[in-house]
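Here is my input; please provide its structure:
(chains A and B)
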Protein chains: 2
Amino acid sequence: MKTVYNVVLASASPRRKEILGRMGIPFEILVSNAEEPANDDHLPPAEYVSLLAKTKARAVYAHAGASYTGRPTVWIGADTVVVYEDEILGKPKDEEDAFSMLYKLSGSGTTGENVETKHSVYTGVAVLVSDERGELLSEERFSVCTDVYFGPMSAQEIRDYIATGEPMDKAGSYGLQGIGGTYIRRIDGDYNNVVGLPLFELYRFLKKKGIWE
Amino acid sequence: MKTVYNVVLASASPRRKEILGRMGIPFEILVSNAEEPANDDHLPPAEYVSLLAKTKARAVYAHAGASYTGRPTVWIGADTVVVYEDEILGKPKDEEDAFSMLYKLSGSGTTGENVETKHSVYTGVAVLVSDERGELLSEERFSVCTDVYFGPMSAQEIRDYIATGEPMDKAGSYGLQGIGGTYIRRIDGDYNNVVGLPLFELYRFLKKKGIWE
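Predicted structure coming up:
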């Protein structure tokens, strides 16, 4: 696929980089230091997470927009949150926090052959487009939800999993694509959305915007 | 996790190796040249694919079992098939075959915002256990099914995807974990099962067998 646009991904996540890379278009990564707004207005997760995504994309555009001229530029921000019983879980603060999240997500100590505990993963995406003079043309955002069902985990399994280090930089304290997959019975929705970027919807969104030649 | 068993994976698939590796136990890979039996008896996919898995595990055990002594050994065979409207799809024979599979799986040219086309992915697993003298103790098998829903693909998108080379070594001619994910709206079931090994069920199966210390 070819594009006449610059594409900028406003995320430091190596997982988002890898997923966007599968579209086969060249892109750059620019990271903002934008403060993530707290959800003081108690927005629904789908709305809140796309607001986080917008904050990231805007911060990078504000910083670098003026130097991206000559052709139009697409600025992509994304953020992911885990929602369990109306509580929004981000990345764990420390190992204790990771334990507390994994304990909840895996059913709070319930056991049994067919037990599964559901939570939802929301990834919000914001897409800004600036023109060849660097001026903002449009700003849109959307979010995608995938339901994830954990099987039971013992306290020892949670501790062993935390000891691998994998949970510490991930929303909800697990990686579906990694060791975390050992404890996830099933998902219902877009797999890549759980990892950090809703590849299916984003590809369609960019195609509709005419990003490809 | 520690184990007093040797663990042998009877599969050449780098994806299965990667998934089994997440369990954190040491294992070896031995590959058989066993002829895959055709489904002449028209077994249901769940049954057929676990038969394929058994064939692989048995062939490797038959070849190497006598030299795995001193402690018990677990022999794991696995195979994956894609089932679309009662037709079992394996790996594509050539690019034309890959086109034909992807055309079917993506809805045979139907288009539309919310169109999705379902197929099922079955991975069968066979687990043989031999004792410290190399003699067969047990042989069990199971299979796991995950439903996969493609969005529409244009003929050009199918051709572009085949040109990446990704489809050619994969059952059903796509990789959910790769570029193929661009066209998969959602899945319902175990993600790793689609990639080639039902990590969730296999971990539980091995744990129940007492493979961990």
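
what packs against the top helix by length along chain A?
Assignment by DSSP state H gives helix A:45-64 as the longest helix of chain A. When contacts are defined as 3 or more Cβ pairs under 8 Å, 6 or more residues apart in numbering or on different chains; DSSP states H and E, helix A:45-64 packs onto strand A:73-84, strand A:117-130, strand A:136-150. Every C-beta, even on glycine, is put in place using the N, C-alpha and C of the backbone.

which outside residues touch it?
A:8, A:10-11, A:30-37, A:39, A:43, A:75-81, A:83, A:88, A:120, A:122-128, A:130, A:136, A:139, A:141-143, A:145 (Cβ atoms under 8 Å, 6 or more residues apart in numbering or on different chains).

Can I get it as PDB, trimmed to CA atoms?
Below are the C-alpha coordinates for helix A:45-64, written out as PDB (Å, rounded to 0.1, in the frame of the first residue of the first chain):
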ATOM      1  CA  PRO A  45     -14.800   4.200  29.300                       C
ATOM      2  CA  ALA A  46     -15.300   4.300  25.600                       C
ATOM      3  CA  GLU A  47     -15.500   8.100  25.700                       C
ATOM      4  CA  TYR A  48     -12.700   8.500  28.300                       C
ATOM      5  CA  VAL A  49     -10.200   6.300  26.500                       C
ATOM      6  CA  SER A  50     -10.700   8.200  23.200                       C
ATOM      7  CA  LEU A  51     -10.200  11.400  25.100                       C
ATOM      8  CA  LEU A  52      -6.800  10.100  26.400                       C
ATOM      9  CA  ALA A  53      -5.900   9.200  22.800                       C
ATOM     10  CA  LYS A  54      -6.900  12.700  21.600                       C
ATOM     11  CA  THR A  55      -4.700  14.200  24.300                       C
ATOM     12  CA  LYS A  56      -1.700  12.200  23.100                       C
ATOM     13  CA  ALA A  57      -2.200  13.000  19.400                       C
ATOM     14  CA  ARG A  58      -2.800  16.700  20.100                       C
ATOM     15  CA  ALA A  59       0.300  17.100  22.300                       C
ATOM     16  CA  VAL A  60       2.500  15.600  19.600                       C
ATOM     17  CA  TYR A  61       0.800  17.700  16.900                       C
ATOM     18  CA  ALA A  62       1.200  20.800  19.000                       C
ATOM     19  CA  HIS A  63       4.900  20.100  19.400                       C
ATOM     20  CA  ALA A  64       5.800  19.000  15.900                       C
END
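
pLDDT on that helix, on average?
What helix A:45-64 shows for mean pLDDT is 96.

what's the angle from it to strand A:136-150?
Inter-element angle recorded for helix A:45-64 and strand A:136-150: 140 degrees (by axes from the mean of the first three to the mean of the last three Cα atoms, to 10 degrees).

Give the buried residues for helix A:45-64.
By neighbour count on 16 or more other Cβ atoms under 10 Å in any protein chain shown, the buried set for helix A:45-64 is A:45-46, A:48-61, A:64.

just how off-centre is stretch A:125-136 within its chain?
Chain-centre distance of stretch A:125-136: 21 Å, with Cα atoms, centre = their mean, to the nearest Å.

Over to stretch A:201-213?
19 Å.

Return the residues of chain A in contact with chain B.
For chain A, the contact set with chain B under Cβ under 8 Å from any Cβ of the partner chain comprises A:1, A:19, A:22-24, A:146, A:151, A:160, A:164, A:176-179, A:181-192, A:199-200, A:203-204.

mind running it again at 6 Å?
A:22, A:179, A:181-182, A:185-192, A:199-200, A:203 (Cβ under 6 Å from any Cβ of the partner chain).

Of those, which is the nearest to B:Q156?
The closest of these to B:Q156 turns out to be A:Y203 (Cβ to Cβ; 13.9 Å).

Can you give me the buried ones in the helix or strand containing that closest one?
Using DSSP states H and E, A:Y203 falls within helix A:199-208. For helix A:199-208, the neighbour count (16+ other Cβ under 10 Å) marks A:L199, A:F200, A:E201, A:L202, A:Y203, A:R204, A:F205, A:L206 as buried.

Using PDB, write down the CA coordinates of it.
Output in PDB follows, covering the C-alpha atoms of helix A:199-208 (Å, rounded to 0.1, in the frame of the first residue of the first chain):
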ATOM      1  CA  LEU A 199      -6.000  -2.900  13.600                       C
ATOM      2  CA  PHE A 200      -9.200  -3.900  11.900                       C
ATOM      3  CA  GLU A 201     -11.100  -0.700  12.500                       C
ATOM      4  CA  LEU A 202      -8.100   1.600  12.200                       C
ATOM      5  CA  TYR A 203      -7.200   0.200   8.700                       C
ATOM      6  CA  ARG A 204     -10.800   0.800   7.600                       C
ATOM      7  CA  PHE A 205     -10.900   4.300   9.100                       C
ATOM      8  CA  LEU A 206      -7.700   5.300   7.300                       C
ATOM      9  CA  LYS A 207      -8.800   3.700   4.000                       C
ATOM     10  CA  LYS A 208     -12.100   5.700   4.200                       C
END
